[in-house]
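> kindly generate the corresponding structure for this input.
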Amino acid sequence: MLICGGASRRFGANKLMAPLDGRPVLTHVIERVRPQAGALAINGPAGVYEGGGLPVIPDQFENAGPLAGIWAAMRWAAELGAEAVLTASGDTPFLPEDWATRLTGQWLAGQKGVIAVPRVGAQAHFLCSLWPVALQDELRVQLQTGQNRRVGDFIASHRHRFVAFERTDGIDPFFNINTKADLARAEAFVRMSKDRERKPET
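Modelled structure (predicted):
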């Protein structure tokens with residue numbers, strides 16, 4: 001599920017609809033995730049992302065931050081009969097093409113029940129993780145009672161495993177767009193990638 005419930009305060013407008021290489025940032029994320037996912041949905045406010053061909057699952061808890069979106073993802077996946085669900089932030093246009101395979105591989109390697117978290121160097125990317133659906137009841141109670149709503153703290157209090165990823169051409173593949181400067185950096189990376197593809201081999 002793509003977590004798209006942020007307010008984009010630092011960006012000044014809905015950053016997910018901002019053009020990157022002529023297309024909305026969210027479109028880039030969808031194109032990265034769709035080949036890796038059996039089913040795909042968006043967690044975000046109703047009326048904002050309809051029309052894109054994906055189901056939109058709104059938050060059930062107000063002002064609860066990203067954990068509310070993670071819980072919505074767990075509940076949605078449980079309704080589909082899944083044991084786990086992958087979440088990705090809607091502002092991460094360069095997600096690795098093997099992201100899902102490598103995180104779900106932790107389950108296939110006998111690590112069922114463990115939250116799988118991608119990490120690049122020392123930087124963990126909590127919103128782009130694999131979550132056991134069995135945690136949904138515990139997380140629901142935590143959200144209902146207003147307990148600690150920090151994603152990193154929730155992960156730290158449960159069994160988890162970090163999965164190492166590498167930078168690509170100097171950029172963290174989980175790079176997310178928060179500001180106009182971030183968008184400009186993403187544009188520069190796209191241009192560099194296109195130039196490299198066009199450059200004839202010698």
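> can we go C-alpha only for contacts and neighbour counts from here?
Noted.
> who's in contact with the longest helix belonging to the chain?
The residue-count maximum for a helix in the chain (DSSP state H) belongs to helix 180-198. When contacts are defined by C-alpha atoms under 8 Å, 6 or more residues apart in numbering, helix 180-198 is touched by residues 11, 20-21, 176-177.
> repeat the analysis, applying 10 Å as the threshold.
10-13, 15, 18-22, 25, 91-94, 169-171, 175-177, 179 (C-alpha atoms under 10 Å, 6 or more residues apart in numbering).
> pLDDT of it, averaged?
Average pLDDT, helix 180-198: 89.
> need the per-residue pLDDT for the residue most central in space within the chain.
Centroid-nearest residue in the chain: A88, 1.1 Å away (criterion: C-alpha atoms, centre = their mean). For A88, the model assigns a pLDDT of 97.
> chain center to stretch 114-127: distance?
Distance of stretch 114-127 from the chain centroid (C-alpha atoms, centre = their mean, to the nearest Å) equals 11 Å.
> how long is that stretch end to end?
15 Å (C-alpha to C-alpha, to the nearest Å).
> tell me which residues of it come out buried.
114-120, 124-127 (16 or more other C-alpha atoms under 10 Å).
> state the pair within those residues that is farthest apart.
Farthest pair in the buried residues of stretch 114-127 (C-alpha to C-alpha) is V114 and V120. Separation: 18.9 Å.
> which residues outside stretch 73-82 are in contact with it?
By C-alpha under 10 Å, 6+ apart, the residues outside stretch 73-82 that reach it are 1-3, 39-43, 57-59, 67-72, 83-87, 131-137, 139-140.
> of the buried residues of stretch 114-127, which is the nearest to G53?
Checking these against G53 with C-alpha to C-alpha, the nearest one is L127 at 22.6 Å.
> I'd like to know how far the closest one sits from D195.
31 Å.
> same check on R161?
In terms of C-alpha to C-alpha, R161 sits 37 Å off from D195.
> which of these two has more neighbours?
R161 (18 against 11; other C-alpha atoms under 10 Å).
> part of a strand, is that one?
Yes. Counting by DSSP: H, G, I helix; E, B strand; the rest coil, one finds R161 located in a strand.
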